[in-house]
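**Student:** after the sequence you'll find the predicted model.
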Amino acid sequence: MNILVTGANGQLGNEMQRVAKTSSNHYIFTDVAQLDITDREAVLRAVKDNSIQVIVNCAAYTNVDKAEDDRETADLINNKAVENLAIAARENDATLIHISTDYVFKGDRCTPCREDWETDPLGVYGITKLAGEKSIERTGCRHIIIRTAWLYSPFGKNFVKTMQKLTAEKDSLRVVFDQVGTPTYAGDLADAIARIIETGQLGKQGIYHFSNEGVCSWYDFAREICELSGNTCNIQPCHSDEFPSKVKRPHFSVLDKTKIKDTFGIEVPYWKDSLKKCIRELAANNGQ
Ligand SMILES: NC(=O)C1=CN([C@@H]2O[C@H](COP(=O)(O)OP(=O)(O)OC[C@H]3O[C@@H](n4cnc5c(N)ncnc54)[C@H](OP(=O)(O)O)[C@@H]3O)[C@@H](O)[C@H]2O)C=CC1
Ligand SMILES: Cc1cn([C@H]2C[C@H](O)[C@@H](COP(=O)(O)OP(=O)(O)O[C@H]3O[C@@H](C)C(=O)[C@@H](O)[C@H]3O)O2)c(=O)[nH]c1=O
């Protein structure tokens, strides 16, 4: 199979490059310089000319705070460009695997979010990601949408790297404890996507939830990152309204993963085990 990966220089895109190394399929990796997904003609051409059967869309506008002041660009990348990919998939009988977010939920129910729950995003990023999901469904292409949460990896910008830096530099830090979810190692998500592709289960269309196992607040996550990184920093819990931000975030966005596990036979690692792996990886990279 010919598989097109967009946004290949991001966190998930880099992990897709790793999993592709052990595949007999032909992966084509692109980021904005090779294929700008907002360019419909270029997308249609790339999919047709390369006889693409699967598109894995790892491209997105992921700056949650900035999106509040840049709705147009966020919508262009997270929604309109996604429609381009969906149309290209439909016209070439390909399957679109697309990644969405826990931020499509309001997060006001203290029980894990299921795929069929009502969505009600609180900010522009979540609104545009939800619009992208709807565009795919409206287009009618074969698709698998995977909502994930709190993604981190050794690549790019993420909470783990931010906290490693802050806890190394500062004596004390405040981190919100009233936003609860599950961190997700991008490598584990890439493994799940690879399993769906490599085991021929692309026909099982729909929306799925994937994160690591377990539950924590950003405060707990920060504490664990600090400890595993060998840093000493006095991390204090604070409420969301004590941490200045333009955007409201869900208070409880733990994802229920029953559907993806049962449908595809995917095993999901515990968040602390995966965090250890990532921090080991980061330490090895720094030591090079
Ligand atoms: N990060 C997170 O915490 C979470 C992410 N997600 C979703 O998971 C997916 C992967 O996220 P993640 O790996 O963190 O994202 P990143 O921000 O790490 O990577 C996104 C990549 O897309 C590229 N890109 C941006 N615009 C375009 C464009 N027009 N055409 C082609 N490529 C483009 C970016 O390039 P450049 O850097 O040059 O802009 C970047 O390389 C996204 O759909 C995201 O919404 C879901 C939940 C949590
Ligand atoms: C740096 C910092 C952040 N925070 C808070 C802000 C926020 O509520 C929380 C996490 O910070 P972030 O900047 O990682 O938040 P954010 O960018 O909103 O993270 C989200 O990104 C998008 C792309 C997603 O799809 C989501 O699943 C989620 O991962 O921690 C503190 O309380 N103290 C701090 O020192």
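**Tutor:** Ah, there it is. Ligands and ions are numbered 1, 2, ... in the order given.
**Student:** excluding residues flanking it in the chain, which one is nearest residue 238?
**Tutor:** Ranked by C-beta to C-beta, 6 or more residues apart in numbering and with sequence neighbours excluded, the top spatial neighbour of residue 238 is residue 174, at 4.2 Å. All C-beta atoms are positioned from the backbone trio N, CA, C, and that covers glycine.
**Student:** sorry, that was for residue 37
**Tutor:** Distance criterion C-beta to C-beta, 6+ apart; nearest residue to residue 37, sequence neighbours excluded, is residue 81 at 4.0 Å.
**Student:** wait, that neighbour touches residue 59, no?
**Tutor:** Yes - between residue 81 and residue 59 there is a contact at 7.2 Å, judged by C-beta atoms under 8 Å.
**Student:** returning to what we had before: remind me which helix or strand the residue nearest to residue 37 belongs to.
**Tutor:** Assessed by DSSP states H and E, residue 81 sits inside helix 81-91.
**Student:** if I pick the spatially closest residue to residue 13 that is not a sequence neighbour, what's in contact with it?
**Tutor:** Closest residue in space to residue 13, ignoring its immediate chain neighbours: residue 58 at 4.0 Å, by C-beta to C-beta, 6+ apart. Residue 58 makes contact with 5-8, 10, 12-13, 16, 99 under the criterion C-beta atoms under 8 Å, 6 or more residues apart in numbering.
**Student:** count of residues packed around the residue nearest to residue 37?
**Tutor:** Using other C-beta atoms under 10 Å, residue 81 is surrounded by 25 other residues.
**Student:** tell me who's in contact with it.
**Tutor:** 37-38, 43, 59.
**Student:** okay, angle between the very next helix or strand once past the helix holding residue 81 and helix 81-91 too, please.
**Tutor:** Sequence-wise, the next helix or strand downstream of helix 81-91 (DSSP H and E) is strand 95-101. For strand 95-101 against helix 81-91, the angle by axes from the mean of the first three to the mean of the last three C-alpha atoms, to 10 degrees is 160 degrees.
**Student:** list the helices and strands strand 95-101 packs on?
**Tutor:** If contacts are counted by 3 or more C-beta pairs under 8 Å, 6 or more residues apart in numbering; DSSP states H and E, strand 95-101 sits against strand 54-57, helix 81-91, helix 124-139, strand 142-148, helix 186-198.
**Student:** I'm done for today, thanks for sticking with me.
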